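Engineer: A predicted structure for the sequence below; I have some questions about it.
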Amino acid sequence: MHQLATALSFAGLSEFQEKFFPYPLYRDELTTFYEALGSRKMSVKSWNPIKIFRGLRGVYKRLSKKNISGNMKGEGLTQGGIIIFDNKGNARYAYREETGFEVPVDDIIAAVKTVKAGNTSS
């Protein structure tokens, strides 16, 4: 099983790799992965200032608990996600990032196990 991260720019990548993802990084210069995930940018879901404040406070608390701080480098508004491929290069699972929400780790683990089981039987 290979793990790979993609990025639009080099800004902040070495810090990301050093602290959070000690695996190969790929610069997606043609934005192929981002296009597959919908080429989405963060957007405001509500103009209610109380909801915005609560949402930002919740994100800050989750990041602080995990000892993650932003560095204001790179393309911070582009939303990414996770794509899981089988051993033939076919996309078998995709998760589109939703800013402010936790990544569905259990779903991703289940998808990896399903793809891995399929790879060993083919």
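Structural biologist: The structure has been received and is ready for your questions. Residues are numbered from 1 along each chain as shown.
Engineer: does Leu63 really touch Arg57, like I thought?
Structural biologist: No: checked against CB atoms under 8 Å, the pair Leu63 and Arg57 is beyond contact range at 10.9 Å. Just so you know, the C-beta spots here come from the backbone N, C-alpha and C atoms, and that holds for glycine as well.
Engineer: In space, what's closest to Glu98 - neighbours in sequence excluded?
Structural biologist: Closest residue in space to Glu98, ignoring its immediate chain neighbours: Gln79 at 7.6 Å, by CB to CB, 6 or more residues apart in numbering.
Engineer: Who are the contact partners of the one you found?
Structural biologist: With contacts defined as CB atoms under 8 Å, 6 or more residues apart in numbering, Gln79 is in contact with 37-38, 40-42, 96-99.
Engineer: Let's see that with 10 Å instead.
Structural biologist: Gln79 makes contact with 34, 37-43, 96-99, according to CB atoms under 10 Å, 6 or more residues apart in numbering.
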